[in-house]
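Q: sequence plus the predicted model coming up.
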Amino acid sequence: MQGVHQVAFSRRYLPSLSLLTAFEAVVRTGSTAAAARELNLTQGTVSRLVQGLEAQLGVALFLRQRKRLLPTEAALAYAAEVRRGMDLIGRASVQVTASPGGGTLALAILPTFGTHWLAPRLPGFLKANPGVTINLATRLRPFDFAEEGMDAAIHFGSETWPEAGHLRLFGEDVVAVAAPEFLAAHPVRAAADLLALPLLQLEARPRGWQGWLAHHGIEAQAPRGMVFDQFATMMQAAIHGIGVALLPEFLAAPSLADGALVPVFGGPVAGRHGYWLVWPESRADHPPLAAFRDWLRAETAGLS
């Protein structure tokens, strides 16, 4: 009986989508007239839907002043939650439409990792798992899985994502590189010579150069340089002779191979952090995620 009572209780506080859609539109647009135009309904219908929601909840959501509806503070907070819930339903609908068998993985990726490491390998995964659809979205920093509607993410750092499962993929070796013309004009005979050159910086790795210099026994503060939010743009700046870049080896390898970039000094330097697949614990057994996790584990086996 307890289970029956719980279901009845939840349904009382689970209004129909038509009531919620009208309410959210009125709060967002500021009037029943504007909401009616957006929803292709009459103004009277929108007003009745809002009143129906208030009656079901037993709470006045608007103050009526001179034929205007002013949302209460509680209504504003409720509308934000309703909007988030509708967004999640919309995402789920897109996923089930794209993959009727339910085999959809919503994956957040780092742009450089996604473009240069994951994308070339994805055809192999999709061929081995023809029923799975992967939807990719770029995220540069940790986020709330529930709010973003993501099943998993590729994360750079350490095993610190809260309330999440973690699979370490591999570490990151970095190399100091520059355009051949730049290096010819600014010869580097020792690591300390870099202190006199423009060192390109990545916003998310403010101490990257400091670690590289320390590896070569230099305690001096790294000079300031141009700051970039992504490796790809920083690499292009180095290719065009703007300065010296510190890049992941897997990203720099093609440009080193074709001569667009050359090593500045020393070989690859191992970083302290690495790339991880992370996922909310509640989605650990989601079949597309389990398949992707197993594939990544095999794909990265043996990598440092």
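A: Yes, it's here. Numbers count the residues shown, from 1 in each chain.

Q: ranges for the helices of the chain?
A: 2-12, 17-29, 32-39, 43-57, 73-98, 111-113, 122-128, 145-148, 180-185, 208-215, 231-239, 249-257, 287-299 (DSSP state H).

Q: quick check: mean pLDDT of the fourth one?
A: Averaging pLDDT along helix 43-57 gives 92.

Q: other SSEs contacting that helix?
A: helix 17-29, helix 32-39 (3 or more C-beta pairs under 8 Å, 6 or more residues apart in numbering; DSSP states H and E). Quick note: C-beta positions are derived from backbone N, CA and C, even for glycine.

Q: bridged to the residue lying closest to residue 113 once chain neighbours are set aside, which residues?
A: Distances taken as C-beta to C-beta, 6 or more residues apart in numbering place residue 154 nearest to residue 113, at 5.5 Å, with adjacent residues excluded. As for beta bridges, residue 154 partners with residue 277 under DSSP bridges.

Q: my read: residue 154 touches residue 112, true?
A: No. At 10.3 Å, residue 154 does not count as touching residue 112 under the criterion of C-beta atoms under 8 Å.

Q: picking that back up, would JSON lines of the helices of the chain with mean neighbour count and distance to residue 167 be doable?
A: Below are these laid out as JSON lines (neighbours: other C-beta atoms under 10 Å; distance: least, C-beta to C-beta, whole Å):
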{"stretch": "helix 2-12", "mean neighbour count": "9", "distance to residue 167": "35"}
{"stretch": "helix 17-29", "mean neighbour count": "20", "distance to residue 167": "37"}
{"stretch": "helix 32-39", "mean neighbour count": "18", "distance to residue 167": "44"}
{"stretch": "helix 43-57", "mean neighbour count": "17", "distance to residue 167": "43"}
{"stretch": "helix 73-98", "mean neighbour count": "14", "distance to residue 167": "23"}
{"stretch": "helix 111-113", "mean neighbour count": "19", "distance to residue 167": "14"}
{"stretch": "helix 122-128", "mean neighbour count": "12", "distance to residue 167": "15"}
{"stretch": "helix 145-148", "mean neighbour count": "15", "distance to residue 167": "15"}
{"stretch": "helix 180-185", "mean neighbour count": "14", "distance to residue 167": "38"}
{"stretch": "helix 208-215", "mean neighbour count": "18", "distance to residue 167": "24"}
{"stretch": "helix 231-239", "mean neighbour count": "20", "distance to residue 167": "22"}
{"stretch": "helix 249-257", "mean neighbour count": "17", "distance to residue 167": "18"}
{"stretch": "helix 287-299", "mean neighbour count": "17", "distance to residue 167": "6"}
